[in-house]
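Enquirer: Following is a predicted model, sequence given first.
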Amino acid sequence: MAIDIATVQKFSGTLSEKADVVTRDSVNYEASIKRWSAAAEKPAGIIVFPTTPEEVAKAVLFSSAQGIELAVVGGGHGTSGASSTDGGLCIDLSRMRGVTVNEKTKTLTVEGGALWADVDKEAAKFGLAAVGGTVNHTGVGGLTLGGGYGYLTPEFGMVIDNLLEVEVVLADGSIVTASESENPDLFWAARGAGVGFGVFTKFVYQGHDQTGPVWAGMLVFPKEQLDPLIKFANKVIVDEGGKSAIFLGFGAPPPAFQPVILAVVFYNGTEEEGKSYFKEVLDLSPLVDQTGAIPYASVNELLNGPMFHGLRRTMKGSAFLAPLETKFAESIYDDWLEFITQNPDAGATMVLWEFMPFKKILEVSQTATSFANRGAYGNLSFGPGWTKPENDSICRGWTRMMSTKTRNELERKIAEGTDATTKTSVGEYGNYDNMGSGGQIIFGANFPRLAELKKKYDPSNVFSQGPSLVV
């Protein structure tokens, strides 16, 4: 429905001068609806740029009073379109990006609109690091509320395992704090399903000492080296040292645009230690070697290149049970190569296997938080990138097909035998665009409790953009 301009002007008058309200007649309207994925952009009726939790609350109540859809955007990285709205009101948190470090407790208090680059930069000033996203222009909010994996996960667990407290604006406009001791049921829900419960305006994370550099970087190999790379990566994912990780990707990057294996390696130690640990990989004679000793904050820039803004993108998450079989990985490579060959507009498409040691993840039970994707496996993402809107359905259809194929393989291997926690896992990382997956699929055993809490905290389903929690 159309929003009366006089009503909008009256609402705008209740906000501070630092805030902003953008409509379709505003000069900066087009820039205000831009997202990381052009395919996730929708023509909002009104975009509100608040600067305080109180202004967020006013925007939430205004959208409800007008009976219009509400969306919230932080970093704008989601490809499902959940951070956009067609004709509704979008709360853009980009003017709330403050990061404060408490040196005594080594905690970081982060506003809801911050990017991980903001967190990494500020933490580094104090010799600290936070478990955060592997692409630093991702927003802290979406990644955290959906679980969150990072290079420090092998040592310290997931982002939500390092989350101490949140501040959230609820559907009724109230501003509340949630932690293990205050509103613990809301805090439980926030850690995995937060987008369905409110607008999160503040996060408090436990930081960790990180005074020295790490050894990390990108390596490029021909497809012929896939088997030894997988064999090595299978050893990394079960490593209990907490210092290492390796990602293997299928891509055809510039300038050659030729299909290759991309390897991102990480070791939280000296260059000598890193090279020694990854000697088997370095001995495979990479075509390109961009590894070296770098500050931890720079590690989260390693994937920024291929993850640039502006393309039409979608993502679909799946998982693979360790050890990954080379034969299966080769079949995925062949599917990917066939797809980009038949659809040259989608040449930026990537497949990424994340060999992230899972020991620390499994130390937290499947029901301790609402996040339900804890398992003895690595995440797998299919990420088409294309330019023409007419290819939207082709690219999205391919990710669904590939996700089905990999889920069938995951279920087959789980049936052969695995630990109790993995048996209860959903096998799909919701932050990798659940693409229509309902709450029962994304939250598994935790869905019934979430559905009850949804009735308590958001009975009218004001926050409806994530996986449905309505029974």
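Expert: Sure, I can see it. Residues are numbered from 1 along each chain as shown.

Enquirer: tell me the mean pLDDT for whichever helix or strand residue 334 is part of?
Expert: Assigned by DSSP states H and E, residue 334 belongs to helix 326-342. Across helix 326-342, pLDDT averages out at 98.

Enquirer: those helices in the stretch 101-250 of the chain, which residues are they?
Expert: 116-124, 140-145, 153-156, 184-193, 226-236 (DSSP state H, counting those that start in this stretch).

Enquirer: These: which one's closest to residue 213?
Expert: Among these, the nearest to residue 213 by C-beta to C-beta is helix 116-124 (10.7 Å). Any C-beta I mention is one placed from the backbone N, CA and C, and that applies to glycine too.

Enquirer: Roughly how far does the closest residue to residue 35 other than its chain neighbours sit from residue 96?
Expert: Distances taken as C-beta to C-beta, 6 or more residues apart in numbering put residue 76 closest to residue 35, at 4.4 Å, once the chain neighbours are dropped. When distance is defined by C-beta to C-beta, to the nearest Å, residue 76 is 14 Å away from residue 96.

Enquirer: Any idea which helix or strand in the chain has the lowest mean pLDDT?
Expert: Scoring the helices and strands of the chain by mean pLDDT, DSSP states H and E places strand 316-321 at the bottom, with a mean of 90.

Enquirer: Just give me how far that one sits from the chain centre.
Expert: Relative to its chain's centre, strand 316-321 lies at 14 Å (C-alpha atoms, centre = their mean, to the nearest Å).

Enquirer: Quickly run through the sheet partners of that strand, with directions.
Expert: Strand pairing for strand 316-321, determined by DSSP bridges: strand 377-383 (antiparallel).

Enquirer: Identify the residues contacting the partner strand?
Expert: Residues from elsewhere that reach strand 377-383, judged by C-beta atoms under 8 Å, 6 or more residues apart in numbering: 149, 237, 313-322, 324, 349-356, 358, 398-399, 402-403, 406, 410, 422, 425, 427, 429, 432.

Enquirer: got it, and stretch 149-156?
Expert: Everything outside stretch 149-156 that qualifies as a contact, by C-beta under 8 Å, 6+ apart, is 129-134, 158-159, 162, 206, 208, 214, 216, 239, 241-245, 266, 268, 296, 299-300, 354, 356-357, 359-361, 379, 429.

Enquirer: Next: stretch 174-181.
Expert: Outside stretch 174-181, the residues touching it (C-beta under 8 Å, 6+ apart) are 53-54, 57, 164-170, 183-184, 186-187, 190, 201.

Enquirer: What count of nearby residues applies to residue 448?
Expert: 12 (other C-beta atoms under 10 Å).

Enquirer: which SS class is it?
Expert: Secondary structure, DSSP: H, G, I helix; E, B strand; the rest coil: residue 448 is helix.

Enquirer: Give me the pLDDT value at it.
Expert: At residue 448, the model reports a pLDDT of 97.

Enquirer: ok, now the one 10 residues further on?
Expert: Per-residue pLDDT puts residue 458 at 98.

Enquirer: Contact partners for the closest residue to it other than its chain neighbours?
Expert: Nearest non-adjacent residue to residue 458, counting by C-beta to C-beta, 6+ apart: residue 171, 4.5 Å away. Taking C-beta under 8 Å, 6+ apart, we find residue 171 in contact with 60, 64, 198, 457, 458, 459, 460, 462, 463.

Enquirer: Could you find the residue nearest the spatial middle of this protein?
Expert: residue 143 (4.0 Å; C-alpha atoms, centre = their mean).

Enquirer: Contacts only, for it.
Expert: Counted by C-beta under 8 Å, 6+ apart, residue 143 has contacts 75, 77, 116, 132, 133, 159, 431.

Enquirer: what about the second one, distance to residue 191?
Expert: The span separating residue 77 from residue 191 equals 19 Å under the rule C-beta to C-beta.

Enquirer: swap in the fourth one?
Expert: As judged by C-beta to C-beta, residue 132 and residue 191 stand 15 Å apart.

Enquirer: Those two: who's more crowded?
Expert: Comparing residue 132 with residue 191 by neighbour count (other C-beta under 10 Å), the higher total belongs to residue 132, at 31 against 25.
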